[in-house]
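>>> dropping a prediction and its sequence here:
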Amino acid sequence: MNAAYGLTFHHFGLAVEKPDLAVHFLTGLGYRIGEVIHDRYQNVNLMWGESDAMPAVEIIFPTDTPGPLDEILRRNKELVYHLCFVSENLEVSLQQMRGAGHRIVGVVPPKPAPLFHDDQVSFYLIRGFGLIEIIEKSPGRSIAVQSQPTGRPA
Amino acid sequence: MDTRLKKVVAAVLGITVPDVTNEASPATLKNWDSLKQMQIMLALEEEFGIQFDDEQIHELSSYKLIAAELAKRGITA
């Protein structure tokens, strides 16, 4: 692992009540936006946004049933609420972060992520930094995104 | 201890100290969700200079349970 803590940045997680205006803004920035994916493991809806020039964005919005965004969105109508990183070895990454003195608590244990073809993702709270998501992938393999955006925005 | 504990819980939840009653828990305070639970426990670690184990971070999910654990550790205001 060359990156610090074995982590490489993957995307921002943007929580919104409804995706329409976020999609409008991001397409105006030149982002390509994918179709809505329902993540049954986290009970959220997701849309993937990517750009040639800017970091990827995962738009996250509630389903019709109670879910993990309810409290977050009650206090903030929209916010970047997590940063996501990729690790080739989750345990080693966690050990390295803890070894560097960071206080890390597991929030959501590893679960399949439909947006990433069921690669395992997990969430951690880092004191003084906030919430991070970690996608674990095998060495040498890239993360494939379900519902890859097609074409360029109008 | 009560005051410091309640202040920490109130600060994390964004509510007033009197709102944190002795019965406070995720069942009585709507915004005390799983993420806030973690934030409360990390804030308490910082406030009292202690560390909870991972199970406690999840399990001490009410004012009474946290207060009892702090008392067990001899923590008083």
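Done, it's in.
>>> show me the shaky parts of the chain.
Assuming you mean chain A. Applying pLDDT under 70 to chain A picks out residues A:1-3, A:147-154.
>>> wait, chain B was what I had in mind.
B:1-2, B:77.
>>> what's the biggest helix by length in it packed up against?
With DSSP state H setting the assignment, residue counts place helix B:34-48 as the longest helix in chain B. In terms of contacts (3 or more Cβ pairs under 8 Å, 6 or more residues apart in numbering or on different chains; DSSP states H and E), helix B:34-48 is packed against helix A:70-75, strand A:104-113, strand A:119-126, helix B:2-13, helix B:54-59, helix B:63-72. Using the backbone N, CA and C atoms, a C-beta is placed for each residue, glycine as well.
>>> mind redoing it with 6 Å?
Applying 3 or more Cβ pairs under 6 Å, 6 or more residues apart in numbering or on different chains; DSSP states H and E, one finds that helix B:34-48 contacts helix B:2-13.
>>> around chain B, pick out the residues from chain A.
Among all residues of chain A, those adjacent to chain B (criterion: Cβ under 6 Å from any Cβ of the partner chain) are A:71, A:105, A:107, A:125, A:127.
>>> can you add neighbour count and give these back as JSON lines?
Written out in JSON lines, the entries for the residues of chain A next to chain B read as follows (neighbours: other Cβ atoms under 10 Å in any protein chain shown):
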{"residue": "A:71", "neighbour count": "18"}
{"residue": "A:105", "neighbour count": "19"}
{"residue": "A:107", "neighbour count": "21"}
{"residue": "A:125", "neighbour count": "21"}
{"residue": "A:127", "neighbour count": "16"}
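>>> these: which two are farthest apart?
By the measure Cβ to Cβ, A:71 and A:127 form the most distant pair in the residues of chain A next to chain B, at 19.3 Å.
>>> and stretch A:38-49, how far out from the chain middle?
Centre-to-centre, stretch A:38-49 and its host chain are 10 Å apart (Cα atoms, centre = their mean, to the nearest Å).
>>> how about stretch B:64-77?
From the chain centre to the centre of stretch B:64-77 is a distance of 10 Å (Cα atoms, centre = their mean).
>>> what of stretch A:113-127?
A distance of 7 Å separates the C-alpha centroid of stretch A:113-127 from that of its chain, computed with Cα atoms, centre = their mean.
>>> just stretch A:99-107 next, same as before
Taking the mean C-alpha point of stretch A:99-107 and that of its whole chain, the gap between them comes to 19 Å (Cα atoms, centre = their mean).
>>> likewise for stretch B:25-39?
With Cα atoms, centre = their mean, you get 10 Å for stretch B:25-39.
>>> what's the span of it from first residue to last?
14 Å (Cα to Cα, to the nearest Å).
>>> residues of it that come out buried?
With burial defined by 16 or more other Cβ atoms under 10 Å in any protein chain shown, the residues of stretch B:25-39 counted as buried are B:29, B:31, B:32, B:33, B:35, B:36, B:37, B:38, B:39.
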